[in-house]
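> Generate a structure from the sequence data that follows.
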Amino acid sequence: MALSLQEAFSSLEGPRIERHKLHPLLDIIILTICAVISGAEGWEAIETFGKEKQDWLRQWIALENGIPSHDCIARVIARIDPGKLTECFIAWAQSADQLVLGEVVAIDGKTARHSYDRKGKLGAIHRVSAWANQAGISLGQVKTGAKSNEITAIPALLDLLEVKGCIITLDAMGCQTEIAEKAIEKQADYVLAVKGNQKHLYEAISDYFEEAIATNRPGLCQLQTHTETDAGHGRIETRRCYLSTCLDTLPDAGKWKGLKGIGRVESERFVNGEMTPERGHYLCTLTDVKPFAHAVRAHCTLRGIKGIENSLHWVLDVTFREDDSRIRKGFAPENFNVVRQIAVNLLRKEPSKLSIKRKRFMAALSDLLGKK
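Coordinates of the predicted model:
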């Protein structure tokens with residue numbers, strides 16, 4: 001059963017001494033989420049939203065002492081344990097949508113470029129997020145010390161998620177035996193992009209497909225093929241997908257737990273008469289080329305394909321202006337990102353056909369968005 005925001009975050013422990021609590025923690029969290037949905041990007045805007053929407057907000061939260069000041073909101077959000085907040089977010093997100101069998105869960109990293117604190121000698125925050133493609137929601141995130149630390153962050157994120165029966169997709173940074181093992185431990189399939197950081201593996205897969213495709217005898221090399229074509233917005237894109245269950249030429253194939261296949265995707269994209277080719281290689285636990293092709297497309301590992309980059313990262317950057325945010329103190333950058341991802345989920349689930357940007361504008365103007 002889906003949890004309400006109040007239920008999901010009611011167990012969160014506040015960072016303040018009891019005698020100093022003028023405003024309940026849940027009031028501040030719900031106020032902040034509603035304000036961010038409606039376009040607020042900082043503490044003063046959240047306070048202003050609260051004062052303008054006070055009567056409406058009292059349908060959901062008590063606000064016995066009115067709207068907290070922007071300084072109070074900033075102090076509280078900056079001191080909440082981000083790990084605990086993330087746990088509540090993940091519990092809420094996974095209760096809202098039961099992931100279907102074969103759901104593609106794309107995992108990718110992103111840096112909030114202006115979250116660095118030069119005075120405090122703290123670098124920009126990098127985090128790893130999980131996106132459920134068919135459900136269209138963010139499932140959760142974990143912070144990393146740097147992009148290179150995605151290797152340790154990805155298993156930690158998978159530990160928090162219920163992904164049984166899903167297909168986990170990762171770019172080349174996540175092509176690690178430990179991550180493959182973690183996916184199998186979680187009873188999920190995986191599709192891992194292979195690039196130059198795994199030189200011998202990449203060359204073995206590339207050489208295999210060059211020879212297998214050239215021989216044009218799929219039955220002898222266990223080769224499956226699938227072709228897709230998309231057209232729209234002045235472009236035509238054709239993707240040829242190949243999958244083979246022959247692992248004989250793969251170096252150390254046994255160290256990849258659950259490995260059953262290798263894949264290649266060739267993309268030709270025509271825009272204004274110009275063709276841009278791309279090619280990707282993969283390790284996977286799949287034995288059917290169509291689910292493999294769908295998983296690669298969902299992850300957005302090839303240019304122009306919708307996936308976590310467009311559905312989550314682009315929305316956070318462009319619509320929510322995350323990279324321009326100057327929120328830096330304490331745990332505020334991490335916690336505010338969780339709030340943004342909650343907002344993305346709620347806006348995507350709102351049934352109107354408006355864009356995310358227009359939904360935010362409508363939420364600021366009207367109390368009825370999502371009630372029609």
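> Could you use CA atoms for every contact and neighbour count after this?
Noted.
> Break down this structure into its strands, ranges please.
With DSSP state E as the criterion, the chain has strands at 104-112, 125-132, 137-144, 167-170, 189-194, 223-232, 235-244, 261-271, 274-284.
> got the phi/psi numbers for the nearest residue to Gln54 once chain neighbours are set aside?
Closest residue in space to Gln54, ignoring its immediate chain neighbours: Ile67 at 7.4 Å, by Cα to Cα, 6 or more residues apart in numbering. The phi and psi values for Ile67, taken as degrees, to the nearest 10, are phi -90, psi 130.
> thought Ile67 was touching Glu47?
Yes: judged on Cα atoms under 8 Å, Ile67 makes contact with Glu47 at a distance of 6.8 Å.
> OK, contacts around the nearest residue to Asp230 once chain neighbours are set aside?
Leaving out its chain neighbours, the residue that sits closest to Asp230 by Cα to Cα, 6+ apart is Glu237, at 5.2 Å. For Glu237, the contact set (Cα atoms under 8 Å, 6 or more residues apart in numbering) comprises Thr229, Asp230, Ala231, Ser267, Glu268, Arg269, Phe270.
> Tabulate these (CSV), appending neighbour count and distance to Gln222.
Conversion of the contacts of Glu237 to CSV gives the following (neighbours: other Cα atoms under 10 Å; distance: Cα to Cα, whole Å):
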residue, neighbour count, distance to Gln222
Thr229, 12, 24
Asp230, 11, 27
Ala231, 11, 31
Ser267, 22, 22
Glu268, 17, 24
Arg269, 21, 28
Phe270, 16, 31
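> now, among these, which is nearest to Gln134?
Asp230 (18.4 Å; Cα to Cα).
> State the distance from the closest one to Glu162.
32 Å (Cα to Cα, to the nearest Å).
> for this structure, which spans come out with low pLDDT?
1, 17-20, 112-124, 145-148, 216-221, 232-234, 300-311, 368-372 (pLDDT under 70).
> how does it divide up, domain by domain?
Here the domain parsing of the chain from automatic domain parsing is 5-91+330-365, 194-288.
> Point out the most buried one among those domains.
Mean neighbour count (mean count of other Cα atoms under 10 Å) peaks for domain 5-91+330-365 among these, with a mean of 18.
> Distance from that one to the middle of the chain?
Computed by Cα atoms, centre = their mean, to the nearest Å, the chain-centroid distance of domain 5-91+330-365 equals 20 Å.
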